[in-house]
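Student: test case, fold it:
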Amino acid sequence: MEKPCTLVVHFDKGSPSMANEIKAELESGDGPTKADAMRRAISLLLNGESLPHLFITVVRYVQSCDDHAVQKLLLIYLETVEKRDAATGKILPEMILICQNLRNNLQSPNEYIRGVTLRFLCRLTEPELLEPLVPSILANLEHRHQFVRRHALSAISAIYQLPQGDQLIPDAPELVERALASEQDAAARRNAFLMLLASAQERAVAYLLTNADRVAEWPDLLQMAAVDLIRKVCRSKGRVDKGRYIKIIISLLSAPSPAVVYECAGALVSLSSAPTAVRAAANTYCQLLSSQSDNNVKLIILDRLHELRTSHREVMVDVVMDVLRALGSPNVDVRKKVLDLVLDLLTPRNVEEVVLYLKKEVVKTQAAEVEKGGEYRQMLVQAIHACAKKYPEVAASVVHLLMDFLGDPNVAAAYDVVLFVREIIETNPKLRVSIIQRLIDTFSQIRASRVCNCALWILAEYSLSLSEVESAISTIKQSLGDLPFFTVSEEGESTDSNKQTQPVVNSVTVSSRRPAVLADGTYATQSAATETAISAPAAALGSLASSQNLRSLILSGDFFLAASVACNLTKLVLRLEEVQPSKVEVNKASTGALLIMVSILELGQSSYLPHPIDNDSFDRIVLCVRFLCNPGDDVKKVWLQSCRQSFINMLAEKQFRETEEMKTKAQISHAQPDDLIDFYHLKSRKGMSQLELEDAVQDDLKAATGQFTKDADDNNKLNRILQLTGFSDPVYAEAFVTVHHYDIVLDVTVINRTKETLQNLCLELATMGDLKLVDRPQNYTLAPESSKQIRANIKVSSTETGVIFGNIVYETSNVMERSVVVLNDIHIDIMDYISPATCADVAFRNMWAEFEWENKVAVNTVIQDEKEFLDHIIKSTNMKCLTPPSALDGECGFLAANLYAKSVFGEDALVNISIEKQADGKLSGYIRIRSKTQGIALSLGDKITLKQKGGSS
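Tutor: Residues are numbered from 1 along each chain as shown. A predicted model of the protein is given here:
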């Protein structure tokens, strides 16, 4: 829009009113009729209609109306109507007609009329209209009603801030200061204080320091204004007298208003780095976290605590238990942020307390009334897992409690538990015996196939003694039930009633043929996209006994689990052979295992189930049968040692990667070897409090290390300068682009290359994509060969690639027409919005299956090495490779890897690279991008297409 607008009203364009109809209703109607006509006139004006002949009618017939609604609409009309001549820029002569009416309103016996008129004057910018009204405005400062005084102060503030405001009311600060001293109304005092803050800062500071002891008793509106003043003063004055202001903020931390307390905590952290001040702010945030019920407020406070953790971790460690209390919130997002924050604050001193609290929360999730109990339990298990990895000594206190949840109906939570158990049993040898015994006792409660797979592997790998091996074999046999799995008569019945039984089986195995990405990045077709806990099959498939969970899962068609049972039984028989002196018992166990495997093969090849056994599972079971019939020492070594060694190597590599990441973070040094050591006990105190002393020490240290003058990297700045016009254009322009989350700031330097004065020079910008120009830059006059800095603010709402384009328009004295210089387009790069992030393989695959937007980019590059191409894509897209380096080792001509990043808007970006080296040495394949929103998938695809060739583009 060309004109600034202070009012937005919905307008139905389907039924426009005619100016003549409005004019007739204004001339002859009563109060309600005139009000309706005024509303329609305002709507037309706001939507671009001029209505030039209506103004005189309004002056004649509306000004004299006593209806308060009509008078309010009259002021809105005057606010909306054009008051200046478009050609000359001078005030329209007829506008003088409204001055007398406004003066009468300002002297009206009715407080409402006075107040709304004063509020209208806050938005009036014409000095010619305001000048005759100034005495009446000032007279309202002494009105008996606070509504009038409140708006009189606002009007004086708005007028004084106009370009000629100091000429209209030259003594405004003095008058407002006098009014502030005698005023009792909270809103009026705030308006007066804000006027002094904006226009006469010294007077506002003097008032604040004079009443420093009484600030805690001020109304919350005034306290908020005082905090704003302190922030502004301390930034402008640097460190002078900062202690006096910090004392005021400390006193406001106990204010009854949560908004004031929150602002004070933020101001305290920004003004002081003293440990005492930071600790006070952290405690304040924690109190707000527990006292506020709004989840949005909790999330904002947790963000502030995260920021504090980044710069003052040693202080935040002391409040970790206070933060944990926020887990009482039923909101999942709040709980997740709390757990993330707490895990970053773990130390040897507090880890036991934290784990004990998390254990209590896990027990609470068993209650049926807990909202989203399964999801919350999964988060708690993952948090305890992280604690145990960082501090293994706490694992013993939690592992047995968590094993009670192996049969959790929430499959994801149960799977996290069994993964935790698998890692703990390897890293804590002392817990091995108790974990195996507990797993044998609870195995029959497991209801999910994935959990059964992992539990079977643990039993087969870590059952070492004779009693453990025999108990493990017995438990598996008991879970499988009596053999065979079906009889011939049942097979015949199943064949006859196949149509009836098939839906029952399908209800257990969801056969949605969706492609899934595996851990190595390759694709596979999965027959069960979403796994749930097993439910009781029909009678034809056998009832689910509490101890026959494996039988029920295999009868539901899960032959991958059946192959896993065969492999782990083979391992257990081999272990039994090592620890059992009696060959008879070993042969007996081997024969029992062979019988189970043959029964599974018979079931898989029968017509008893609607789906036959898959080839992979068939081959694995047959391999186990052959090995048990003809065992060999070399193969036995593979079964009993190599599998465990692979797992140990995986854990070691995982630990190494985490250690490297921690080292990278730790490289940001907080102190240098030659830093000044300040003995603040030897420092002159001069009556300073402990807080002021600490703050002075911190400021001295910052001054010595240059943190006060620290600026962004100059080379980075130069890279962000974009040339907008050519060197031969009469006006040269270049822009420095700053991207900060949701805001883009363009600092445009405009240089007049001519010998003439350029008048009404304006930078006109437009945007494409999810970008929005906040305000339209004003017109400027540019002297010959001079320059001007113009700033434009743009809001961003998504990561979709946006384009800013526009031109510079100006006038010269000897050319009547306006001249236009077209600017180069500015492309906003998606790389400014995404940053590398990590997530678990399971979470990656779940998101890959859920996200509906996919962009498939064919590989087209001159790079001939697979790893070099992967590194180039990672560098170009600013993403993190989730595939471990060991999985990328070797030369096989193929490479598959997963990349992950998050945007500042919380969007996830998933990339899968699958490439193959051709016979001619060139790379072929595809790069697939998936996201929840279309914008990030398309933008990332365009970026990869542009960058993948490996050139400098």
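Student: can you name every helix or strand that the strand or helix carrying Leu401 contacts?
Tutor: For Leu401, the host element (DSSP states H and E) is helix 395-403. Other elements packing on helix 395-403 under the criterion 3 or more CB pairs under 8 Å, 6 or more residues apart in numbering; DSSP states H and E are helix 351-364, helix 373-390, helix 411-427, helix 432-442. In short, each C-beta sits where N, CA and C put it, glycine included.
Student: for the ones you listed, give me TSV that also has mean neighbour count, mean pLDDT and distance to Ile600.
Tutor: Shown next, in TSV, are those (neighbours: other CB atoms under 10 Å; pLDDT from 0 to 100; distance: least, CB to CB, whole Å):
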stretch	mean neighbour count	mean pLDDT	distance to Ile600
helix 351-364	17	87	36
helix 373-390	21	83	31
helix 411-427	22	85	23
helix 432-442	18	88	22
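Student: out of those helices, nearest to Leu888?
Tutor: Closest to Leu888 of those, according to CB to CB: helix 411-427, at 23.1 Å.
Student: compute the inter-axis angle for the closest one and helix 373-390.
Tutor: 20 degrees (axes from the mean of the first three to the mean of the last three CA atoms, to 10 degrees).
Student: alpha carbons only: can I get helix 411-427 in PDB?
Tutor: Taking Å, rounded to 0.1, in the frame of the first residue of the first chain, the C-alpha atoms of helix 411-427 are listed here in PDB:
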ATOM      1  CA  VAL A 411       6.300 -50.700  21.300                       C
ATOM      2  CA  ALA A 412       8.700 -47.800  21.000                       C
ATOM      3  CA  ALA A 413       9.100 -47.500  24.800                       C
ATOM      4  CA  ALA A 414       9.600 -51.200  25.200                       C
ATOM      5  CA  TYR A 415      12.200 -51.200  22.400                       C
ATOM      6  CA  ASP A 416      14.100 -48.300  24.000                       C
ATOM      7  CA  VAL A 417      14.200 -50.300  27.200                       C
ATOM      8  CA  VAL A 418      15.600 -53.400  25.500                       C
ATOM      9  CA  LEU A 419      18.200 -51.300  23.700                       C
ATOM     10  CA  PHE A 420      19.200 -49.800  27.000                       C
ATOM     11  CA  VAL A 421      19.500 -53.300  28.600                       C
ATOM     12  CA  ARG A 422      21.600 -54.500  25.600                       C
ATOM     13  CA  GLU A 423      24.100 -51.600  26.000                       C
ATOM     14  CA  ILE A 424      24.300 -51.800  29.800                       C
ATOM     15  CA  ILE A 425      24.900 -55.600  29.900                       C
ATOM     16  CA  GLU A 426      28.000 -55.000  27.700                       C
ATOM     17  CA  THR A 427      29.300 -51.900  29.400                       C
END
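Student: residues contacting the nearest residue in space to Glu785 that is not next to it in sequence?
Tutor: Nearest residue to Glu785 in three dimensions, chain neighbours excluded: Asn752, at 6.0 Å (CB to CB, 6 or more residues apart in numbering). The contact partners of Asn752, taken as CB atoms under 8 Å, 6 or more residues apart in numbering, are Pro730, Val731, Leu758, Leu782, Ala783, Pro784, Glu785, Ser786, Ser787.
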